[in-house]
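>>> sequence and predicted structure below; questions after.
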Amino acid sequence: MKYLILTVIKMYWNFIPQSKRRKCIFKKSCSNYVFDITQKEGFLKGLKAFQFRYKNCRGNFQSFKNPINNRVQIILPSQLVIDSEEIADRLIN
């Protein structure tokens, strides 16, 4: 089953041009993230990674500048706060 997810992601990379893909809010794209997790940790972890990214990378996030450390952060729909190291550069600048 692990190889099914990996194959689907590779097909996505090969058949959908980069210009037609949705822009990810994370530095590491959703497909790359799910691919890496699936490859390293297996099918179930890959599905959980996909579910997390699907729920949180679809908009409805809020970006803000943290007044304590002056860094850009994002509150995801799941209420998780991520730091600028994980946020796509296009959203920080």
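Received, thanks.

>>> got the buried residues for the lowest-mean-pLDDT helix or strand in the chain?
Sorted by mean pLDDT, DSSP states H and E, the helices and strands of the chain end with helix 89-92, the least confident at a mean of 85. Going by neighbour count (16 or more other CB atoms under 10 Å), the buried part of helix 89-92 is Leu91. For the C-beta atoms, the positions are set from N, CA and C on the backbone; glycine is no exception.

>>> centre of the chain versus it, how much separation?
Centroid displacement of helix 89-92 relative to its chain, using CA atoms, centre = their mean, to the nearest Å, is 14 Å.

>>> same check on stretch 75-82?
12 Å.

>>> quick one: Cys57 from Ile25, how far?
6 Å (CB to CB, to the nearest Å).

>>> related to what we said a few turns ago, tell me what the least confident helix or strand of the chain is packed against?
Judged by 3 or more CB pairs under 8 Å, 6 or more residues apart in numbering; DSSP states H and E, the packing partners of helix 89-92 are strand 72-75.

>>> next helix or strand past the strand it packs on?
Next helix or strand after strand 72-75 toward the C-terminus (DSSP states H and E): strand 81-82.
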